[in-house]
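# when you get a sec, could you give me coordinates for this:
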Amino acid sequence: MATINLRDNQQVIDYLARDFSSFRKALVDLIPAKIPEWTDRSEADLGVVLIELFAYMGDILSYYQDRLANESFLNTAQERRSVIDHLRLIGYEPAGAAPASAALSVVVGNDRNGVVEIRPGDQFATATSRERRSVTFEYVQDKPLLIDLSQLTANSAHKADGSVRTGFKEATAAIPVVEGKTIVNEVIGVSDGTANQRYRLAQPNVLRDSIQIVTDTTPPGPPWRLRKNLAFSEPAFTEEQLLALQTQGHIASTLAFSRNPDRDYAIETDENEVTTVIFGDGQYGEIPPVAARILATYRTGGGSVGNVGARQITIVGRSPQLQLLAAEVFNPDPASGGAERETVEQAVKYAPTVFSSMQRAVTADDYTAQARLFPGVSKARAEATNWNFITLYIAPTGDGELPTDILKRDLLAYFEDKRMMTTFLQIGNPDYVKIEIQASVTAQSFFKASDVQANAEAAIQNLLDFSNVDFKQILYLSEIYRVIEAVPGVHDVFVSRFQRAGVAEDLTSDGRILMGQNEIPVLRADDLQLTMKGGV
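Below is the predicted model of the structure:
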């Protein structure tokens with residue numbers, strides 16, 4: 001129901017008037033025409049109470065109608081659940097959170113010798129504090145890691161201040177670890193023999209690439225194989241066409257190319273980061289044997305919480321041989337690569353471009369765009385160094401750290417089915433270039449000088465914050481003047497030094513600092529010096 005207006009003695013419906021007041025007014029205006037003997041309009045009248053109840057329900061239903069209309073389109077949808085459903089229509093799954101990675105050093109006494117074995121699943125953690133909960137890291141390589149303590153140099157361990165730690169030796173950055181926890185052989189369900197069975201994993205925030213599914217049968221069968229998504233339609237090709245195209249066993253993006261003997265499954269992750277395992281229907285993928293328990297091993301974690309600082313991972317949570325030796329561990333460099341799940345805004349922005357490119361990397365720009373979609377990568381730049389050789393420079397999520405070997409390995413695997421067959425890809429480290437800025441700022445007489453200085457420093461720091469800079473960027477002296485002069489209370493400013501650290505010349509001739517292809521500018525607090533004049 002909507003408000004009815006009179007125009008030229010004709011009734012005109014205003015369909016935009018759909019709130020409580022509009023509904024109430026429309027219903028009251030109908031009383032003289034429908035029930036002329038009803039003259040009491042007080043709020044205590046039972047009929048008026050009923051009218052207000054109907055108007056209240058109409059307001060609620062109108063709200064739901066508007067929401068349903070908005071959620072029906074990708075560009076206007078607000079609910080993450082709606083965006084996920086829209087993107088599944090084009091085969092795009094929003095990326096989940098990415099785990100941080102680090103390399104741990106091992107410190108033992110000089111008298112400790114022999115070979116230490118670090119096994120897959122060994123855990124290490126940060127200490128718990130009031131400000132931050134403990135963060136768990138694990139060694140997740142397929143094979144055990146062996147550290148020969150007898151090959152370490154005596155008294156090679158160092159304290160945080162760089163001084164020698166007498167009586168101890170150190171294996172520097174010896175253990176690669178990844179943030180998260182492993183759930184082993186969780187029973188997610190028992191097969192009932194029906195088609196398209198679905199089972200939820202108990203823990204949220206699952207690292208999707210870590211899922212391993214097996215069925216508890218006698219004799220034990222091989223692990224099931226993950227496919228990207230399911231297709232419940234009729235066969236896209238006949239058996240003869242499949243054989244001719246040689247697609248069987250090579251296309252891993254859909255169960256449309258799976259057949260009954262194929263032990264394939266797919267996964268879906270909802271808006272609450274709860275992951276569901278989906279099996280086939282007997283035609284597209286095998287149905288798990290009746291009464292067989294379905295076991296899942298997977299890792300949970302991810303997010304920026306794993307980007308801990310240097311020397312924060314110090315607890316040996318589960319590593320029997322290190323615990324027997326009373327060994328100490330720490331990360332000499334900050335952990336990096338931890339990133340939150342893909343936001344709705346990012347998914348809406350990037351999903352159509354990924355669909356149009358069919359997730360293929362041909363040009364240097366394709367490599368850059370695809371790398372930026374990889375969880376844990378904050379910045380990327382690709383350079384074609386030869387006709388078939390691409391160097392991809394990346395900076396991990398964090399605050400200006402170098403990418404770990406684990407992130408590089410995972411990124412190379414990510415590009416394996418995207419690059420052209422004859423193209424070779426190499427991951428390069430970023431070169432963080434320190435910038436030095438010195439300026440004299442005069443504050444207006446009625447502003448507090450300390451406040452003006454703090455705001456000016458914050459403005460410059462924000463301009464050159466890690467999130468606002470990129471590879472091969474050009475820094476302009478005019479931008480420094482602009483951000484300082486925009487600070488309230490600044491009367492005038494003179495920049496006396498704007499240069500790379502270590503360069504004798506204070507200012508470039510053209511007022512620009514050019515970054516190289518793998519260089520990213522950084523501004524440390526010690527490299528920014530503002531001299532204040534005037535003010536209170």
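# so, low pLDDT: which residues of the stretch 351-500 of the chain?
Residue ranges of the stretch 351-500 of the chain with pLDDT under 70: 354-358.
# now do the strands in it.
377-386, 389-396, 424-428, 431-443, 474-476, 490-500 (DSSP state E, counting those that start in this stretch).
# give me whichever of those is most buried.
strand 389-396 (a mean of 23; mean count of other C-beta atoms under 10 Å). Glycine gets a C-beta too; all of them are placed from N, C-alpha and C.
# now for it, which elements pack on it?
Secondary-structure packing of strand 389-396 (3 or more C-beta pairs under 8 Å, 6 or more residues apart in numbering; DSSP states H and E): helix 364-372, strand 377-386, helix 405-415, strand 424-428.
# which among the ones you listed is found nearest to Leu295?
Closest approach to Leu295 among the helices and strands packed on strand 389-396 is made by helix 405-415 (25.0 Å; C-beta to C-beta).
# ok, now how distant is Gln359 from Ala380?
Distance, Gln359 to Ala380, using C-beta to C-beta, to the nearest Å: 16 Å.
# let me fix that: Thr397
As judged by C-beta to C-beta, Thr397 and Ala380 stand 12 Å apart.
# re the thing from before, right, and the helices and strands packed on strand 389-396 - which one's nearest Thr153?
When these are compared by C-beta to C-beta, helix 405-415 sits nearest Thr153, at 22.9 Å.
# OK, contacts around Ala347?
Applying C-beta atoms under 8 Å, 6 or more residues apart in numbering, we find Ala347 in contact with Val83, Leu87, Tyr92, Pro94.
# got the confidence number for it?
Turning to Ala347, the model gives it a pLDDT of 84.
# hey, where'd the helices end up in the stretch 101-250 of the chain?
With DSSP state H, counting those that start in this stretch as the criterion, the stretch 101-250 of the chain has helices at 239-245.
# mind telling me what element Lys25 is part of?
helix 20-29 (DSSP states H and E).
# which strands or helices does that helix pack on?
Judged by 3+ C-beta pairs under 8 Å, 6+ apart, the packing partners of helix 20-29 are strand 3-7, helix 46-71.
# what bits of the chain have low per-residue confidence?
Counting by pLDDT under 70, the chain shows low-confidence ranges at 1-17, 229-261, 354-358.
# domains of it?
3-71, 101-180+303-330, 182-300, 344-425, 431-534 (automatic domain parsing).
# and Ile267, what does it touch?
So Ile267 contacts Arg208, Ile211, Leu226, Thr275, Thr276, Val277, Ile278 (C-beta under 8 Å, 6+ apart).
# I'd like those residues as TSV, with neighbour count and distance to Glu479 appended.
Listed next are the contacts of Ile267 as TSV, based on neighbours: other C-beta atoms under 10 Å; distance: C-beta to C-beta, whole Å:
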residue	neighbour count	distance to Glu479
Arg208	16	41
Ile211	19	47
Leu226	16	47
Thr275	23	45
Thr276	14	49
Val277	23	51
Ile278	19	51
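# reformat those residues as TSV; add distance to Asp262.
Shown next, in TSV, are the contacts of Ile267 (distance: C-beta to C-beta, whole Å):
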residue	distance to Asp262
Arg208	20
Ile211	17
Leu226	12
Thr275	21
Thr276	20
Val277	16
Ile278	14
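# among those, which one lies nearest to Met532?
Among the contacts of Ile267, and counting by C-beta to C-beta, the member closest to Met532 is Arg208, at 52.4 Å.
# against Tyr298, how distant is that closest one?
Distance from Arg208 to Tyr298, by C-beta to C-beta: 8 Å.
# could you do Thr276 as well?
In terms of C-beta to C-beta, Thr276 sits 12 Å off from Tyr298.
# hmm, back to that, so how far is the helix holding Lys25 off the chain centroid?
48 Å (C-alpha atoms, centre = their mean, to the nearest Å).
# got a list of contacts for the next helix or strand after it?
Counting by DSSP H and E, the next helix or strand C-terminal to helix 20-29 is helix 31-34. For helix 31-34, contacts defined as C-beta under 8 Å, 6+ apart pick out Trp38.
# can you pull the buried residues of helix 31-34?
By 16 or more other C-beta atoms under 10 Å, the buried positions in helix 31-34 come out as Ile31.
# likewise stretch 110-122?
By neighbour count on 16+ other C-beta under 10 Å, the buried set for stretch 110-122 is Asn110, Arg112, Val116, Ile118, Asp122.
# quote the end-to-end distance of that stretch.
Using C-alpha to C-alpha, to the nearest Å, the end-to-end distance of stretch 110-122 comes out at 24 Å.
# got it, and stretch 316-325?
11 Å.
# report the buried residues of that stretch.
Neighbour counts over stretch 316-325 (16+ other C-beta under 10 Å) mark Val316, Ser319, Gln321, Leu322, Leu325 as buried.
# what's across from the nearest residue to Thr508 once chain neighbours are set aside in the sheet?
Once flanking residues are discounted, Thr508 sits nearest to Gln499: 6.9 Å by C-beta to C-beta, 6 or more residues apart in numbering. According to DSSP bridges, the partner residues bridging Gln499 are Glu436.
# I'd like to know how far Gln499 sits from Arg512.
As for Gln499, its distance to Arg512 is 11 Å (criterion: C-beta to C-beta).
# go on, Ser319?
51 Å.
# again, but for Phe471
Taking C-beta to C-beta, one finds Phe471 at 16 Å from Arg512.
# in terms of neighbours, single out the busier of the two.
A direct count of neighbours by other C-beta atoms under 10 Å for Phe471 and Arg512 places Phe471 higher, at 22 against 12.
# list the buried residues for stretch 24-32?
Buried residues in stretch 24-32, counted by 16+ other C-beta under 10 Å: Arg24, Ala26, Leu27, Val28, Ile31.
# identify the contacts common to Arg208 and Tyr298.
Joint contacts of Arg208 and Tyr298 (C-beta under 8 Å, 6+ apart) are Thr275.
# Ile84 in helix, strand or coil?
Classification of Ile84 using DSSP: H, G, I helix; E, B strand; the rest coil returns helix.
# for it, list the residues it contacts.
Glu93, Pro94, Thr269, Asp270, Glu271.
# how close does it get to Val495?
Counting by C-beta to C-beta - Ile84 and Val495 are separated by 49 Å.
# please apply the same query to Ser150.
For Ser150, the distance to Val495 (C-beta to C-beta) stands at 57 Å.
# then Gln283?
71 Å.
# then Ile520?
22 Å.
# which ones are touching the nearest residue to Thr76 once chain neighbours are set aside?
Distance criterion C-beta to C-beta, 6+ apart; nearest residue to Thr76, sequence neighbours excluded, is Asn70 at 4.5 Å. Applying C-beta under 8 Å, 6+ apart, we find Asn70 in contact with Thr76, Ala77, Gln78.
# for these, which single residue is the most surrounded?
With neighbours taken as other C-beta under 10 Å, the top of the contacts of Asn70 is Ala77, carrying 20 neighbours.
# residue contacts, that one?
So Ala77 contacts Asn70, Glu71, Val83, His86, Val344, Val348 (C-beta under 8 Å, 6+ apart).
# tell me the one of the residues you listed nearest Arg165?
Minimum distance to Arg165 across those is 49.3 Å, recorded for Val344 (C-beta to C-beta).
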